[in-house]
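Student: give me coordinates for this.
(one chain, ligands or ions: 3)
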Amino acid sequence: MKMPNLLDAKIRNESVVEYIEAEPLKDRDLFKGKTYFLKTYGCQMNVHDSELIRNLVEGLGFIESEKMEGTDLVILNTCAIRENAHDKMYGFLGRCKHEKDKNRDLIICICGCMAQEPSVCEEILEKYKYVDIVFGTHNIHEFPTMLANRMNKTDFEVESIEGNVYENLEYKRDSKIEAWVNIMYGCDKFCTYCIVPYTRGKQRSRKSSKILEEIADLKARGYKEVTLLGQNVNAYGKDLPEEELSFPELLLKVSDLGIDRIRFVTSHPWDFSDELIAAIASRENIVPYIHLPLQSGSSRILKLMGRRYTKEEYLELYDKIKNRVPNAAITTDIIVGFPGETEEDFLDTLEVVEKCQYDSAFTFIFSPRVGTPAEKLPDDTPLKEKEERLHRLNEVVNRLSLEKNSQYVGQVVKVLINGKSEKGENKMCGYTETMKLVNVEGATEHLGEIVDVLITDAKSFSLNGEIQ
Ligand code: SAH
Ligand code: SF4
Ligand code: F3S
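Tutor: Ligands and ions are numbered 1, 2, ... in the order given. Now for the predicted structure:
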């Protein structure tokens, strides 16, 4: 097996992006009647990649199984963002080994972001010999060939061809109501703690015509909502020729297609232009929901993180957004315990959180990732202290979420009903435009519709309501 060479990251900006039409699947039905089990960790990007994988393996004849036991193929789509993601994969591999002991023909595949890390690939090759196929985020489309080769007992090779954009990909989407649409791949920001630029490669924007075609098709098929996906989604187009669309221009064109709701994740504050704010403010169907990762409220730590903004610049951007889009729900990501973070730096973070009154926040303890610059920074804060900071931060974040959610009680809001609620037999659930999960009474007949709901009760992570 040839290993992906990630250390190419440094020279890769010189490589040229190729736009390639994906070839139709060969060997259809080669595995007719066999079953597969797919487990996905990580962000929306991985969840969406799994929709592509499902389409590919089902094209080969596999049928999805709900459990690993007794299947013919196990696929693990991994995440590499933090240490616990690694732990999850190794735990899962233990279960796979147990199955392989029972069934020697079981095919075990590891893909996703961890499979793109050389150190992980080496470890799998050496210690986990029962793993059959490893492929990274750049060669998902080659998976059927790898499976066919394995079926024919020939050897296979994994080579990471970075920098290409494949078009005409078909997905087996989880939902018929809400769809993810990749508009760009990779990330060029190289925040010093982050593994993503290494596991996902350099920034490659899709051509706007292809994106618009895909969304027009989704609309024609009855989809109500699209989420434009990218690790640094609002840097869309910066790697394309000048005559191509910028991100705000693309958003307006998507809005013109008339789909009911448009979201986008994840934005980087550095690329959040005035034109983008104006675009959001100008259209009803670009929903007032913005995920705007802060990471830290201390300008000193932000600099060490390579985030390209200061505390003051972030707050200025926040005010600009709130002035133009007053009903915007703003959510964030925060890392505590970055190397060298002092109590004073942490208090800066708490101050920004209080000022921004986030609707919700994902909070993490810094986790050193192999090969990133932050891995080598001196770090003398004990883990116990970091955990204590995380706990203090979460208390503030949860209080603010509850306060924000409580403001909805008594209001009538639009909810896109997307499925059955876990909170009771006759309840359905869905999201507000501002991405609040609502459990709705009396909406069983309204799957896939946007309905008016009176909010009756608020919790930190969800709302309850009745259809109007
Ligand atoms: N592209 C997105 C983030 C992707 S990763 C962005 O720029 O915001 C999701 C979140 O995981 C990040 O926002 C960050 O808060 C967290 N994260 C990333 N690397 C991490 C690390 N090494 N340790 C702890 N948290 C990390
Ligand atoms: Fe990672 Fe930073 Fe890129 Fe987000 S913007 S994916 S945190 S490098
Ligand atoms: Fe994880 Fe890869 Fe996403 S590292 S967070 S699955 S881009």
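
Student: near the closest residue to ligand 2 within the stretch 251-400 of the chain, how many other residues are there?
Tutor: Taking Cβ to the nearest ligand atom as the measure, the stretch 251-400 of the chain has residue 268 as its residue closest to ligand 2, at 5.0 Å. The way it works is simple: take the backbone N, C-alpha and C, and place the C-beta from them, glycine included. Counted by other Cβ atoms under 10 Å, the residues lying close to residue 268 total 20.

Student: so for it, what's the nearest residue that isn't a sequence neighbour?
Tutor: Leaving aside its sequence neighbours, residue 268 sits nearest to residue 232 (Cβ to Cβ, 6 or more residues apart in numbering; 4.9 Å).

Student: same question, residue 59
Tutor: In space, not counting the residues next to it along the chain, residue 59 is nearest to residue 25; the distance is 4.4 Å by Cβ to Cβ, 6+ apart.

Student: show me the helices in the stretch 1-150 of the chain, by range?
Tutor: With helices called from DSSP state H, counting those that start in this stretch, the stretch 1-150 of the chain shows them at 44-59, 83-102, 118-127, 143-151.

Student: helices or strands up against the very next helix or strand once past the shortest one?
Tutor: Secondary structure here is assigned by DSSP states H and E; on that basis, the next helix or strand after helix 143-151 toward the C-terminus is strand 164-167. For strand 164-167, the contact count by 3 or more Cβ pairs under 8 Å, 6 or more residues apart in numbering; DSSP states H and E identifies strand 18-21 as packing neighbours.

Student: let me see the contact set for residue 20.
Tutor: 164-167 (Cβ atoms under 8 Å, 6 or more residues apart in numbering).

Student: out of those, who's nearest residue 50?
Tutor: Using Cβ to Cβ, residue 166 comes nearest to residue 50 of these, at 15.9 Å.

Student: the nearest residue to that closest one once chain neighbours are set aside: neighbour count?
Tutor: Nearest residue to residue 166 in three dimensions, chain neighbours excluded: residue 22, at 4.7 Å (Cβ to Cβ, 6+ apart). For residue 22, the number of neighbouring residues by other Cβ under 10 Å comes to 14.

Student: same question for the one 3 residues further on.
Tutor: In terms of burial, residue 25 registers 18 neighbours under the definition other Cβ under 10 Å.

Student: is it in contact with residue 57, as I believe?
Tutor: No. Residue 25 is beyond contact range of residue 57, at 9.9 Å (criterion: Cβ atoms under 8 Å).

Student: give me the common contacts of these two.
Tutor: residue 144.

Student: in the stretch 101-250 of the chain, which spans are strands?
Tutor: 107-112, 133-135, 164-167, 178-182, 184-185, 204-205, 225-229 (DSSP state E, counting those that start in this stretch).

Student: what strands line up against the third one, and which way round?
Tutor: Right, strand 164-167. Here strand 164-167 is paired, per DSSP bridges, with strand 18-21 (parallel).

Student: spatially nearest residue to the residue of the chain found nearest ligand 3 (excluding sequence neighbours)?
Tutor: Closest to ligand 3 within the chain is residue 42: 2.6 Å, counting by Cβ to the nearest ligand atom. Of all residues not flanking residue 42 in the chain, residue 79 sits nearest, at 2.9 Å (Cβ to Cβ, 6+ apart).

Student: wait, what's in contact with the one you found?
Tutor: By Cβ under 8 Å, 6+ apart, residue 79 lies in contact with 41-43, 46, 85, 88, 112-114.

Student: now with 6 Å?
Tutor: Counting by Cβ atoms under 6 Å, 6 or more residues apart in numbering, residue 79 touches 41-42, 46, 85, 113.

Student: residue ranges with poor pLDDT in the stretch 1-150 of the chain?
Tutor: 1-15 (pLDDT under 70).

Student: residues near the closest residue to ligand 2 within it, how many?
Tutor: As assessed by Cβ to the nearest ligand atom, ligand 2 sits closest to residue 81 within the stretch 1-150 of the chain, at 8.5 Å. Residues near residue 81, counting by other Cβ under 10 Å, number 21.

Student: quick check: chain neighbours aside, which residue is closest to it?
Tutor: Setting aside the residues directly before and after it, residue 81 is nearest to residue 195 in space (Cβ to Cβ, 6+ apart), at 6.4 Å.

Student: was I right about the one you found contacting residue 82?
Tutor: No. Using Cβ atoms under 6 Å, residue 195 is not in contact with residue 82, being 8.9 Å away.

Student: looking at these two, which is more packed in?
Tutor: Comparing residue 195 with residue 82 by other Cβ under 10 Å, the one with more neighbours is residue 195, at 24 against 18.

Student: pLDDT score assigned to the more buried one?
Tutor: You'll see residue 195 listed with a pLDDT of 95.

Student: please apply the same query to residue 399.
Tutor: The model's pLDDT for residue 399 equals 97.

Student: wasn't it part of a helix?
Tutor: Yes. Under DSSP: H, G, I helix; E, B strand; the rest coil, residue 399 falls within a helix.

Student: residues in contact with it?
Tutor: Residue 399 touches nothing, counting by Cβ under 6 Å, 6+ apart.

Student: what separates the closest residue to residue 190 other than its chain neighbours from residue 86, distance-wise?
Tutor: Of all residues not flanking residue 190 in the chain, residue 197 sits nearest, at 5.1 Å (Cβ to Cβ, 6+ apart). According to Cβ to Cβ, to the nearest Å, residue 197 and residue 86 sit 18 Å apart.

Student: please apply the same query to residue 459.
Tutor: Distance of residue 459 to residue 86, given as Cβ to Cβ: 32 Å.

Student: which one's more surrounded, the two?
Tutor: Between residue 459 and residue 86, counted using other Cβ under 10 Å, residue 86 has the larger neighbour count: 20 against 13.

Student: and for residue 391, the neighbour number?
Tutor: Residues within reach of residue 391, counting by other Cβ under 10 Å, total 11.

Student: where does it land in three-state SS?
Tutor: helix.

Student: buried set for the host helix or strand of residue 403?
Tutor: Taking DSSP H and E as the definition, residue 403 sits inside helix 383-406. By 16 or more other Cβ atoms under 10 Å, the buried positions in helix 383-406 come out as 386, 389-390, 393, 396-397, 400-401, 404-405.

Student: next, count neighbours for the residue of the chain closest to ligand 3.
Tutor: As a burial measure, residue 42 scores 20 neighbours (other Cβ under 10 Å).
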